[in-house]
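Visitor: pasting the structure only:
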């Protein structure tokens, strides 16, 4: 069994992101949603996710943008976010242990909760997300 360590550098971020999205792309519930939206732009999406998590976990400010906007009109509900969180936690726990690993799980869960709330809000109102 390999010894786990904390998330320490960009290579760890890439391992986390690549492994997680590899699972998403194979998951019966999530794959069609992600593949239909991202299509052939997976390299760009993964690069953006590297920068996002590098900013959040390593405090190296390489991500700029609004993470919610691309998700605002996705055909998802709580079931999808629950699966996303399950796969995300599974990925972290398979590869990492420590403060930044726990921070990643906490941050992922907060984002899922916020995104679900906002998606439901915009579905049920005449408002549109600010760009």
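Guide: Cool, got the structure. If you're wondering where the values come from, they're calculated on a predicted model, not measured in any experiment.
Visitor: Give me the phi and psi for residue 5.
Guide: Taking degrees, to the nearest 10, you get phi -130, psi 170 for the backbone angles of residue 5.
Visitor: Surely it and residue 15 touch.
Guide: No. With contacts counted by C-beta atoms under 8 Å, residue 5 stays clear of residue 15, the gap being 11.0 Å. (Each C-beta comes from the backbone N, C-alpha and C, glycine too.)
Visitor: Which one of these two is surrounded by more residues?
Guide: When residue 5 and residue 15 are compared for neighbours, residue 15 comes out ahead with 16 against 13, by other C-beta atoms under 10 Å.
Visitor: Now the more buried one: closest residue in space that isn't a chain neighbour?
Guide: In this structure, residue 15 finds its nearest non-sequential neighbour in residue 95, 6.0 Å apart by C-beta to C-beta, 6 or more residues apart in numbering.
Visitor: list the contacts for that neighbour?
Guide: By C-beta atoms under 8 Å, 6 or more residues apart in numbering, the contact set of residue 95 is 4, 12, 15-16, 19.
Visitor: Nearest to residue 114 among these?
Guide: Distance to residue 114, by C-beta to C-beta, is smallest for residue 16 among those, at 20.1 Å.
Visitor: What count of nearby residues applies to that closest one?
Guide: Quick note: residue 16 (other C-beta under 10 Å) scores 24 neighbours.
Visitor: likewise the one 3 residues further on?
Guide: Residues within reach of residue 19, counting by other C-beta under 10 Å, total 16.
Visitor: repeat for the one 3 residues further on
Guide: With neighbours defined by other C-beta under 10 Å, the count for residue 22 comes to 13.
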